[in-house]
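# 3D model of this:
(one chain, ligands or ions: 2)
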Amino acid sequence: MECLFCKIINKTITANIIYETPELIVFNDIRPQAPYHVLIVPKQHIATINELTPADKNLIGELFLAAKHIAKDLEIADQGYRTVFNCNAGGGQEVYHIHLHLLGGRQMIWPPG
Ligand code: 5GP
Ligand code: ZN
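Ligands and ions are numbered 1, 2, ... in the order given. Got it, this is the predicted structure:
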């Protein structure tokens, strides 16, 4: 199995896991781009947003509900935060297992780089 995030999910490589359910896992990004930068990752391997199907609707909803709860736990819900999915090379995707970035703890700027 080659996928880096599948290895983190299967605990064959370590990550700083902060939350886990039967459907998803959340861990700190190894190269944080903000004071808080976590990755919310479905346990099911889906390479990119382009591979999503209607059967994944509930799963994607779970990722955003996890983002909401984690932002509250990190006490950044009121000040605000950013959620990002990158898709394919042009979107800046490096790891081909979908994940929702949750970034906070500083002022976000727009447009993003
Ligand atoms: P992408 O560019 O695919 O949207 O985001 C991939 C993210 O995974 C990047 O922010 C990168 O820093 C993070 N990342 C890459 N390798 C590892 C790793 O081995 N462990 C952790 N915790 N994060 C990683
Ligand atoms: Zn994977």
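# for ligand 1, what are the nearby residues on this structure?
Proximity of the chain to ligand 1 (Cβ under 6 Å from any ligand atom) is limited to residues 4, 15, 27-31, 39, 86, 92-95. Glycine gets a C-beta too; all of them are placed from N, C-alpha and C.
# Just give me the closest of those residues to Asn50.
Comparing these against Asn50 with Cβ to Cβ places Gln93 closest, at 10.2 Å.
# just to confirm, which helix or strand has Val26 in it?
Taking DSSP states H and E as the criterion, the element that holds Val26 is strand 24-28.
# If we go by neighbour counts, what in that strand is buried?
24-27 (16 or more other Cβ atoms under 10 Å).
# Can you tell me which of those is closest to ligand 2?
Ligand 2 has its nearest neighbour among the buried residues of strand 24-28 in Ile25, at 11.0 Å by Cβ to the ion.
# for the closest one, what are its contacts?
8-9, 17, 19, 41, 43 (Cβ atoms under 8 Å, 6 or more residues apart in numbering).
# if we go to 6 Å?
For Ile25, the contact set (Cβ atoms under 6 Å, 6 or more residues apart in numbering) comprises 9, 41.
# Next: Ile98.
Ile46.
# Assumed it was part of a strand.
No - judged by DSSP: H, G, I helix; E, B strand; the rest coil, Ile98 forms no part of a strand; its state is coil.
# Can you give me the distance of it to Gln79?
Remark: distance between Ile98 and Gln79 (Cβ to Cβ, to the nearest Å) = 27 Å.
# Ala47 and Tyr96 touch, don't they?
Yes - between Ala47 and Tyr96 there is a contact under Cβ atoms under 6 Å: 4.5 Å.
# Pull up the per-residue confidence for the residue nearest to Tyr19 when sequence neighbours are not counted.
Among residues not flanking Tyr19 along the chain, Val26 sits closest, at 4.0 Å (Cβ to Cβ, 6 or more residues apart in numbering). pLDDT recorded at Val26 is 98.
# And Gly113, by the same measure?
pLDDT, read off for Gly113, is 84.
# same deal with Met1?
66.
# In this protein, which strand is the longest?
Longest strand of the chain, by residue count under DSSP state E: strand 36-42.
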